[in-house]
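Visitor: Have a look; sequence and predicted model below, questions after that.
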Amino acid sequence: MTLQDRTLRCRDCGGDFVFTAGEQGFYIEKGLYNEPQRCQQCRTARRQTRDASPNRRPTAVECAACGRQAIVPFVPRMNRPVYCDDCFGRKRQGAA
């Protein structure tokens, strides 16, 4: 399968941008099925706005595995387990 550069339209600014064959290959390799919706400038602006969001504040939680108190950079929601750095690292290594 030969990939070719494609011109897409940004959903935020309406400008055209190129989705290169290399980027398409990266998306395929990472299992990303949807093509990008925003140009690089709009993606960067959106990321900066999101990172400055008041919802991204440190929150003290109890680790779901060991019970120690941990500080996480988000507000937990939907009753999902939250882990301290040590338990998260062990859980991640076991999943790999």
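Guide: Right, received. Where do you want to start?

Visitor: Could you give me the buried positions within the helix or strand hosting C87?
Guide: Using DSSP states H and E, C87 sits within helix 85-95. Of all the residues in helix 85-95, those buried under the rule 16 or more other Cβ atoms under 10 Å are C87, F88. The C-beta positions use only the backbone N, C-alpha and C, and glycine is treated the same way.

Visitor: which residues are contacting it?
Guide: Residues from elsewhere that reach helix 85-95 (Cβ atoms under 8 Å, 6 or more residues apart in numbering): C63, A64, A65, C66, A70, Y83.

Visitor: Just the pLDDT at the nearest residue to the third one once chain neighbours are set aside, thanks.
Guide: In other words, A65. Closest residue in space to A65, ignoring its immediate chain neighbours: C87 at 4.0 Å, by Cβ to Cβ, 6 or more residues apart in numbering. Model confidence at C87, given as pLDDT, is 93.

Visitor: ok, now K91?
Guide: Looking at K91, its pLDDT is 86.

Visitor: So it versus T7, what's the distance?
Guide: 42 Å (Cβ to Cβ, to the nearest Å).

Visitor: Run through this protein and note the low-pLDDT ranges.
Guide: 1, 51-56, 95-96 (pLDDT under 70).
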